[in-house]
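Chemist: from the sequence below, what's the structure:
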Amino acid sequence: MIVIGTAGLLWCVRDFYVSGKGTLAPWAPPQELVVVGLYRYSRNPMYVAVALILLGWAVSFQSRGLLGYMLAVGVAFHLRVVFGEEPWLARTHGSTWQQYTRRVRRWL
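Modeler: Coordinates of the predicted model:
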């Protein structure tokens, strides 16, 4: 899980840079809506990858505390996406974003 999550995260970072013409940094976000790679299957594959990494840690260390942390992070990700990122993307990318949301699910 940790290896798959890390590979997915790195893939998404590359797509942000190459396809989106930007970075993860808030001061240099992608200029184009990224709809390639893992973004064809999930609108938020980076968050899914991080959750998978955290789940891998929880399983590896057999830790309920880490599992609880992963769940709390998952809730925080969901709230950030719904109340922060999606409204910004709708304003920034308009009809392109709306078409994308009809084709691709938020998580999986």
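Chemist: let me see the ranges of the strands in this structure.
Modeler: With DSSP state E as the definition, the chain shows no strands.
Chemist: all helices of it, in order?
Modeler: Using DSSP state H, the helices found in the chain span residues 2-18, 45-60, 64-80, 86-103.
Chemist: out of all residues in this structure, which is the farthest from the middle?
Modeler: In the chain, counting by C-alpha atoms, centre = their mean, residue 62 sits farthest out from the average C-alpha position, at 25.3 Å.
Chemist: adding distance to residue 30, write the helices of the chain out as TSV.
Modeler: From N, CA and C alone the C-beta is placed, and that goes for glycine too. Below are those laid out as TSV (distance: least, C-beta to C-beta, whole Å):
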stretch	distance to residue 30
helix 2-18	5
helix 45-60	12
helix 64-80	17
helix 86-103	10
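Chemist: so where's this structure uncertain?
Modeler: Within the chain, no stretch has pLDDT under 70.
Chemist: so what's residue 8 up against?
Modeler: Residue 8 makes contact with 38, 45, 46, 48, 49, 52, according to C-beta atoms under 8 Å, 6 or more residues apart in numbering.
Chemist: ugh, wrong one, residue 101
Modeler: Residue 101 sits next to 43, 86 when contact means C-beta under 8 Å, 6+ apart.
Chemist: please apply the same query to the one 5 residues further on.
Modeler: In this structure, residue 106 makes contact with 42, 43, 44, 81, judged by C-beta under 8 Å, 6+ apart.
Chemist: which non-adjacent residue is nearest the third one?
Modeler: For residue 44, ignoring the flanking residues on the chain, the nearest one in space by C-beta to C-beta, 6 or more residues apart in numbering is residue 81 at 5.8 Å.
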